[in-house]
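Colleague: Below is the sequence, then the predicted model.
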Amino acid sequence: MFLICGSRLFTSTVAMMGESRLSAIVWRRRWCRLPLGVGCAITIYIAGCSFPNGGGSNIEDASDKMLLETGDPSECTAVCIASTVAIAREALGLDPEAPTTGGRPLDPQAIFGSLETQAKEIGSTITRVAAHDAIEMLSDGPTSPFVLVHKSGHLYSILGAIRVNEKMLCQVMHGNQSVSLVSKRALMEAQFQEAWRFARQAGAGVPIHVGSAVVEFDKLQHNFGEVLPGRQVECTFRLRNVGNMAVSIGKPNVSCQCTVPNLTRARELLPSESLDLVVTTKPTGSSSLRSSVFLNFGDKQGSDLRRVQLLLLGNQRTSMDVTPTRLDFGLMVPGKPTSRTVSLQEKPTDRFRLKDVYSGALPLTHSVETATDRDGLATVCIRLTLKSDDESPGEHEGRVTLSTDSALRPTIIIPVKYRIALPAR
């Protein structure tokens, strides 16, 4: 595929293997320094991380070859140093607003030394382990975040793993980008120099300083791991005023309308008072979930302000395509049949078998045909024929229930409506 941005042409070679999995992409070095979003149809970040228009980092498209940024970390468009340091500080129980590391703020070893010194002061620990060992220990589900240090100086956060079709896919985040899915083998072969693991004291929170006041959070990000398509998910952030001054909390802002916190207006948080902030979100069609809740804190005088970002992360499989999702048979003439077709199309991560078609009291009959494409993915076509003989004129509604053995969409409900014409006079 060719990506044109201004006068520059970048060539990518995409090798597709098996179930449409992306297995290799090659591009020229340091391409992410270009603002590809300008004048282009989509914005493309590092491999598999985020395609804002809904494509890309899908579970079935997880890369078997790690796609890395190799340019100067100081020019990384993902701001991976600052973003990853903030995650590390949270994991250690430090205020995520990191101080400078002195003369070498972008050097991983200087960063490690600074974090180690500050962690010791509060009883937390940061340890170096072999990257291979840290990756090998990943199992299905979210994990305590750890950092992988690449030989280029870029930092990557590892959040957990998802098992799909007996393959372990690791959740990788580069800076401020979305969560990418990469196979264990790809991580092993990506020439990471070491991993950093973090441990904070039991029961310790994350302090947020607002002037002379301090608000402590139990966490600043939540990883849902795998999210089922269309399912609403929920998490709770607990915060407590551990200082001696009251703080004000403004009405939260969110990054998208699908994310809803239970705090709907500004309020005050008194010393020793706690608040459970419950956040619900429903993933859109994108395979990578990354949404934010922003809280604005101030002291009693309103002179010291602090903006805190809470991150919700995860990945979802692509489930079968259902077309259409509702049926309108239109105006029916008694005794004359009319047909409509519903199609269920398999995805690599959602193989299924149709078990039953139930139409209740609707005067429907059905037939089923199945076709398979060259990748072995089936499309099930359900032809529904409606014939009304003696129903009263006017609007009629009902629904058809499709039962499958899909793990993601075992039940599909298709609303149905039609009208019966008045008898001719």
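Modeller: All right, it came through fine. Numbers count the residues shown, from 1 in each chain.
Colleague: In space, what's closest to the one residue sitting closest to the centre of the chain - neighbours in sequence excluded?
Modeller: The centre of the chain sits closest to Leu289, judged by Cα atoms, centre = their mean, with a distance of 1.8 Å. Nearest residue to Leu289 in three dimensions, chain neighbours excluded: Gly314, at 4.1 Å (Cβ to Cβ, 6 or more residues apart in numbering). C-beta: built from backbone N, CA, C; applies to glycine.
Colleague: same thing with Ala361?
Modeller: Gly398 (6.6 Å).
Colleague: With only the CA atoms kept, save the helix or strand hosting Gln171 in CSV.
Modeller: Using DSSP states H and E, Gln171 maps to strand 167-173. Extracted in CSV, the C-alpha atoms of strand 167-173 (Å, rounded to 0.1, in the frame of the first residue of the first chain):
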residue,chain,number,x,y,z
LYS,A,167,-2.7,-17.5,20.3
MET,A,168,-1.6,-15.1,23.0
LEU,A,169,-1.8,-11.5,21.9
CYS,A,170,-0.1,-8.9,24.1
GLN,A,171,-1.6,-5.4,24.8
VAL,A,172,1.1,-2.9,24.0
MET,A,173,0.8,0.9,24.3
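Colleague: next SSE after that strand?
Modeller: Sequence order places strand 179-183 as the next helix or strand after strand 167-173, per DSSP H and E.
Colleague: Secondary structure element holding Lys120?
Modeller: For Lys120, the host element (DSSP H and E) is helix 108-121.
Colleague: okay, that helix in PDB with CA atoms only?
Modeller: The C-alpha trace of helix 108-121 is given here as PDB (Å, rounded to 0.1, in the frame of the first residue of the first chain):
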ATOM      1  CA  PRO A 108      16.200   5.500  29.900                       C
ATOM      2  CA  GLN A 109      18.900   4.800  32.400                       C
ATOM      3  CA  ALA A 110      18.600   8.300  33.800                       C
ATOM      4  CA  ILE A 111      14.900   7.900  34.000                       C
ATOM      5  CA  PHE A 112      15.200   4.500  35.800                       C
ATOM      6  CA  GLY A 113      17.700   6.000  38.300                       C
ATOM      7  CA  SER A 114      15.300   9.000  39.100                       C
ATOM      8  CA  LEU A 115      12.300   6.700  39.500                       C
ATOM      9  CA  GLU A 116      14.300   4.300  41.700                       C
ATOM     10  CA  THR A 117      15.400   7.100  44.000                       C
ATOM     11  CA  GLN A 118      11.900   8.500  44.400                       C
ATOM     12  CA  ALA A 119      10.400   5.100  44.800                       C
ATOM     13  CA  LYS A 120      12.700   4.200  47.700                       C
ATOM     14  CA  GLU A 121      11.600   7.300  49.600                       C
END
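Colleague: Report the mean per-residue pLDDT for that helix.
Modeller: Across helix 108-121, pLDDT averages out at 93.
Colleague: what comes up buried for it?
Modeller: Under the neighbour-count criterion of 16 or more other Cβ atoms under 10 Å, helix 108-121 has 108, 111-112, 114-116, 118-119 buried.
Colleague: Excluding chain neighbours, what is closest to His396?
Modeller: His396 sits nearest to Tyr418 (Cβ to Cβ, 6+ apart), 5.5 Å away.
Colleague: and the one you found, what is it in contact with?
Modeller: Tyr418 is in contact with 328-332, 338, 386, 388, 395-396, counting by Cβ atoms under 8 Å, 6 or more residues apart in numbering.
Colleague: one more time with 10 Å, if that's ok
Modeller: Taking Cβ atoms under 10 Å, 6 or more residues apart in numbering, we find Tyr418 in contact with 327-332, 338, 340, 362-363, 386, 388, 391, 395-398.
Colleague: my guess is His132 is in a strand, correct?
Modeller: No: counting by DSSP: H, G, I helix; E, B strand; the rest coil, His132 falls outside a strand, being helix.
Colleague: sorry, back to before: which ChimeraX command selects the buried ones in the contacts of Tyr418?
Modeller: Buried residues within these, by 16+ other Cβ under 10 Å, are selected in ChimeraX with:
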select :327,329,332,340,362,363,386,388,396,398
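Colleague: Now go through the contacts of Tyr418 and say which are in strands.
Modeller: 327-332, 338, 340, 386, 395-398 (DSSP state E).
Colleague: possible to save those residues as a markdown table with pLDDT and distance to Glu69?
Modeller: Below are those laid out as a markdown table (pLDDT from 0 to 100; distance: Cβ to Cβ, whole Å):
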| residue | pLDDT | distance to Glu69 |
| --- | --- | --- |
| Leu327 | 96 | 48 |
| Asp328 | 96 | 50 |
| Phe329 | 95 | 54 |
| Gly330 | 93 | 54 |
| Leu331 | 92 | 59 |
| Met332 | 89 | 60 |
| Thr338 | 95 | 56 |
| Arg340 | 96 | 49 |
| Leu386 | 94 | 56 |
| Glu395 | 91 | 58 |
| His396 | 92 | 58 |
| Glu397 | 93 | 54 |
| Gly398 | 95 | 54 |
